[in-house]
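1. What follows is a protein structure lacking sequence information:
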């Protein structure tokens, strides 16, 4: 737990600059969440400024939710620049599996070498079967299947894989952590997953141990969601109280409310 | 009324996938409204994935609010694919009449054959006079004039036409329905009309009778707006309570609060 | 004070049409703020309709937050058309200094001749040093330095320069005004600066004296922020209460709460 609260303190003190090349739907949410947390958001996608911009950031978050041909070029430019500067790259594979174009784009992005991949179970399973020669899935339930896909994806790519859902799984090779915070109503607010990826970006910018950074970020998401849900009558009010909770969150509150298993 | 509550139950049970090719301003609102209602939003516009995406959706909503040359090509691609698969198309002609480019784009989209067109009075009047050889307008007041334009547009295109305003009119050939729910403060929240079109999409995806689907969708909009307005001090809080109301709405509440005239 | 409340009454009565060519992150905020204030927002960026659109508006707001090559062409087209029609142009130089591309774009936009430039201290300082042959900065603290940069930028370009922050400075040549309203939590809501620029646009559309228009707009921002902060526990609720406050604001409330020094 101490590693989680320490990472949280670093975000609060260092105010990391996080660049999101993300989808139109969630840009506002993402920026508000980063600001409420104490981080500093940048949204920029022009090819003409990509290299300059990546030079000044702490972490790069790439989210393909509303990708198109221009944006994919920018994502690749940014990812390659970030890689060359050893800045952490977080990939959010929104809608993986929905279209051939998404799968092909994700394959290109994964080749650049993201440090962390965060998605929901179906996205991670889709990624694992597209990018890895599947050996068949023996799992007897969806949750095991997703977990298995996450491990294979992590082993193949070397990335930390985070599968978010009722329980969030953070996987790095043989290591797995579970975060049990969060509320089902969060799934009724658009872009909560995308917000999680952005917050992972903020932690990755300040915490060298990226496995810890990802666990800490998902814990902060879940705890802020729990705090917000207590005050909310629906997804509309939940979204707002979520930003307020991120703003009000202290290391003490985080330690008190976190339900995390690392093993 | 039973047809309306039945359509509402279908949305809640079937969680239809609605693709919105919509404007940047309202993407977040639209997605949140669909999620709160129990539908599942997709926002995608890349030409490279348009055909694949349209293959998996239940309905397509096209909104030209922030159109440009690339997006118009995508809208046409998507509409043609949806037409070929007999999936319902809802057109929201934002800003019809404001520029020649909007009018020309709307003419192209209407040629593909949208099933439902939803706009405000001035948009519908503009569409009717651009796309139809006007026979002169004899109406003595704006409301009659808009209604007349709606009827002509419906007859010429075969589409259901919905004119939203203080009273919402749903017109199909000689049939007209009125929904009298809703609150004037809704006009002070950006994208409430766009949200209405998206919700029409959710109903059109599950209810074969598209006239009923449109009436039911506008009733849900209006009732949720009424519920939200009771708790709100201005447009900011209204928007949130509106999502909460969509989330809390039950068939019973809907039946109790709906003010609909079909005739 | 009377000039400020008079400008406010003009906005409320004339419902000016303000076109924002702005960034994706804040489009929703900006539109909601303009609607709550009683103005009418237009967001449009297609080159194919730029000249038509600018013909019908009251003021043009250009914000380069998420610029790219296409959007920059549209911004220049719109600015040139607005200039030719003598409609006020407000420039929001988001991220000035962050990349060479932003600086180059800002130089092009400033050459067209914006009437008002609104940014934070670092943006204004960056603009002043890029666009003006610096004579060295003798100021002993950042605030003086920013003020000095604002004066130089105003003298060089002829524009009114507004530097927003804890205190907002409005500068035109030798004239300076200070607005002391506002709450630090506003900086934790994304796009509050962009919203300020849009509101300046609404005032510039109705108030010929653009120095007064800018002061009045910044006063309305600050007073609405003060009203919202009283009811808010964090940035999430602040954003909503801010729209409510804009909606509820009256000339009397404005006069009572404004803290403005003109000299």
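-> Good, I have the coordinates. Nothing here was measured: the structure is a model prediction, and the numbers come from that model. Numbering: from 1, shown residues only, chains lettered A, B, ... in the order given.
2. mind listing the strands for the stretch 1-150 of chain A?
-> Along the stretch 1-150 of chain A, counting by DSSP state E, counting those that start in this stretch, strands occupy A:17-21, A:40-43, A:59-63, A:89-92, A:116-120.
3. same for the fourth one, what does it pack against?
-> Okay, so that is strand A:89-92. strand A:59-63, helix A:69-84, helix A:100-112, strand A:116-120, helix A:192-206 (3 or more C-beta pairs under 8 Å, 6 or more residues apart in numbering or on different chains; DSSP states H and E). The way it works is simple: take the backbone N, C-alpha and C, and place the C-beta from them, glycine included.
4. List the neighbouring strands of it plus their orientation.
-> strand A:59-63 (parallel), strand A:116-120 (parallel) (DSSP bridges).
5. returning to what we had before: can you redo the helices and strands packed on strand A:89-92 as TSV with mean neighbour count, distance to residue C:148 and mean pLDDT?
-> Output for those, formatted as TSV (neighbours: other C-beta atoms under 10 Å in any protein chain shown; distance: least, C-beta to C-beta, whole Å; pLDDT from 0 to 100):
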stretch	mean neighbour count	distance to residue C:148	mean pLDDT
strand A:59-63	29	35	98
helix A:69-84	19	35	98
helix A:100-112	19	44	98
strand A:116-120	27	44	97
helix A:192-206	28	33	98
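6. of these, which approaches residue B:26 most closely?
-> helix A:192-206 (17.3 Å; C-beta to C-beta).
7. so after that closest one, what's the next helix or strand?
-> Next along the chain after helix A:192-206, taking DSSP states H and E as the criterion, comes helix A:210-230.
8. is that following helix anywhere near chain B?
-> No - figure legend: helix A:210-230 not in contact with chain B (C-beta under 8 Å from any C-beta of the partner chain); closest approach 12.2 Å.
9. residues of that helix that come out buried?
-> A:210-229 (16 or more other C-beta atoms under 10 Å in any protein chain shown).
10. pLDDT averaged over it - what is it?
-> Averaged over helix A:210-230, pLDDT sits at 98.
11. do the same with stretch A:238-245
-> Across stretch A:238-245, the average pLDDT comes to 97.
12. residues from the stretch 151-263 of chain A in reach of chain C?
-> Residues of the stretch 151-263 of chain A lying near chain C (C-beta under 8 Å from any C-beta): A:239, A:240, A:241, A:242, A:243, A:244, A:245, A:246, A:247, A:248.
13. Which members of those are classed as buried?
-> The buried subset of those (16+ other C-beta under 10 Å) comprises A:239, A:240, A:241, A:242, A:243, A:244, A:245, A:246, A:247.
14. How much space separates residue A:242 from chain B?
-> 12 Å (C-beta to the nearest C-beta, to the nearest Å).
15. Show the contacting residues for that residue.
-> A:33, A:186, A:189, A:224, A:225, A:228, C:236 (C-beta atoms under 8 Å, 6 or more residues apart in numbering or on different chains).
16. I'd like the distance between the fourth one and residue A:209.
-> Which is residue A:224. Separation of residue A:224 from residue A:209 (C-beta to C-beta, to the nearest Å) stands at 22 Å.
17. Equivalent analysis for the third one, please.
-> Counting by C-beta to C-beta, the gap between residue A:189 and residue A:209 amounts to 30 Å.
18. So the two - more neighbours on which side?
-> residue A:189 (27 against 13; other C-beta atoms under 10 Å in any protein chain shown).
19. my guess is the more buried one contacts residue B:35, does it?
-> Yes - using C-beta atoms under 8 Å, residue A:189 makes contact with residue B:35 at a distance of 6.9 Å.
20. intersection of neighbour lists for those two?
-> Common contact partners of residue A:189 and residue B:35 (C-beta under 8 Å, 6+ apart): residue A:235.
21. Flag every residue of the stretch 151-263 of chain A that's near chain B.
-> So the stretch 151-263 of chain A meets chain B at A:187-191, A:232-237, A:239-240 (C-beta under 8 Å from any C-beta).
22. Report whether the expected contact of residue A:25 with residue B:29 is present.
-> No - look at residue A:25 against residue B:29 with C-beta under 8 Å: they stay out of range, at 9.7 Å.
23. Between the two, point out the one with more neighbours.
-> Ranked by neighbour count (other C-beta under 10 Å), residue A:25 and residue B:29 place residue A:25 first, with 29 against 25.
24. what residues does the stretch 1-150 of chain A put near chain B?
-> A:23-26, A:28-29, A:65-69, A:95, A:98-102.
25. Could you rerun that using 7 Å?
-> A:24-26, A:28-29, A:66-69, A:98-102 (C-beta under 7 Å from any C-beta of the partner chain).
26. Distance to residue B:170 added to those, as CSV?
-> Formatted as CSV, the residues of the stretch 1-150 of chain A next to chain B follow (distance: C-beta to C-beta, whole Å):
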residue, distance to residue B:170
A:24, 30
A:25, 28
A:26, 32
A:28, 32
A:29, 33
A:66, 31
A:67, 36
A:68, 34
A:69, 39
A:98, 32
A:99, 34
A:100, 38
A:101, 37
A:102, 36
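27. Identify the farthest-apart pair in the residues you listed.
-> So, the residues of the stretch 1-150 of chain A next to chain B by C-beta to C-beta: farthest apart are A:28 and A:100, at 29.7 Å.
28. And the contacts of residue A:242, which two are furthest apart?
-> Longest distance between any two of these is 14.0 Å, between A:186 and C:236; criterion C-beta to C-beta.
29. Quick check: residue A:98 vs residue A:106, distance?
-> Counting by C-beta to C-beta, the gap from residue A:98 to residue A:106 is 11 Å.
30. so who does the residue nearest in space to the middle of chain A touch?
-> In chain A, the residue lying closest to the centroid (C-alpha atoms, centre = their mean) is residue A:197, at 2.1 Å. Listed by C-beta atoms under 7 Å, 6 or more residues apart in numbering or on different chains, the contact partners of residue A:197 are A:61, A:63, A:90, A:92, A:118.
31. Reformat the residues you listed as a markdown table; add distance to residue B:11.
-> What follows is these, written out as a markdown table (distance: C-beta to C-beta, whole Å):
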| residue | distance to residue B:11 |
| --- | --- |
| A:61 | 33 |
| A:63 | 28 |
| A:90 | 34 |
| A:92 | 28 |
| A:118 | 30 |
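32. Closest one to chain B out of the residues you listed, please.
-> Among the contacts of residue A:197, residue A:63 lies closest to chain B (C-beta to the nearest C-beta), at 12.2 Å.
33. Residue A:53 contacts residue A:21, doesn't it?
-> No - in this structure residue A:53 lies outside contact range of residue A:21 using C-beta atoms under 7 Å: 9.7 Å.
34. Per-residue pLDDT of residue A:129, please?
-> For residue A:129, the pLDDT comes out at 86.
35. can you check residue A:144 too?
-> You'll see residue A:144 listed with a pLDDT of 86.
36. next one: the one 4 residues further on
-> Predicted confidence (pLDDT) for residue A:148: 94.
37. close enough to count as contact, residue A:37 and residue A:244?
-> No - counting by C-beta under 7 Å, residue A:37 stays clear of residue A:244, with 11.7 Å between them.
38. got a list of what residue A:159 touches?
-> A:114, A:115, A:116, A:117.
39. Tell me what the nearest residue to the first one once chain neighbours are set aside is bridged to.
-> For residue A:114, ignoring the flanking residues on the chain, the nearest one in space by C-beta to C-beta, 6 or more residues apart in numbering or on different chains is residue A:91 at 3.9 Å. Per DSSP bridges, residues listed as beta-bridge partners of residue A:91: residue A:62, residue A:117.
40. residues near the closest residue to residue A:235 other than its chain neighbours, how many?
-> Distances taken as C-beta to C-beta, 6+ apart place residue A:188 nearest to residue A:235, at 4.0 Å, with adjacent residues excluded. Burial of residue A:188 is recorded as 22 neighbouring residues (other C-beta under 10 Å).
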